[in-house]
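S.K.: All I have is the shape, not the residue letters:
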């Protein structure tokens, strides 16, 4: 299976670009395991699971560690919008 990619430029000084799978291509099992977790655990668990599955690099995860929560919210909004997902789905 070829996974399409979503590219996002972080608002850091280096304008670091991270690469994620398209939101609609996240494996169902990842979402199923996280569905009953708290919001923060869903967020962290999602990124960690993507790394574990080889769908996101350790470097990209490390770059996310260095940005603020407001910037993560912007990333999530853009990532979901790119996949045609709205809040609540």
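M.R.: Here it is on my side, so go on. Everything quoted here is computed from the prediction, not taken from an experiment.

S.K.: tell me the SS of residue 18?
M.R.: Put simply, residue 18 is strand when judged by DSSP: H, G, I helix; E, B strand; the rest coil.

S.K.: again but with residue 33, I slipped
M.R.: Reduced to three states with three-state DSSP, the structure at residue 33 is helix.

S.K.: Report the contact partners of the residue nearest the centre of the chain.
M.R.: In the chain, the C-alpha closest to the average C-alpha coordinate belongs to residue 47, at a distance of 5.4 Å (CA atoms, centre = their mean). Residue 47 makes contact with 56, 61, 64, according to CB atoms under 8 Å, 6 or more residues apart in numbering. Bear in mind the C-beta positions are built from the backbone N, C-alpha and C, glycine included.

S.K.: By neighbours, which of those residues wins?
M.R.: Scoring these on neighbours with other CB atoms under 10 Å, the highest-scoring entry is residue 56 at 21 neighbours.
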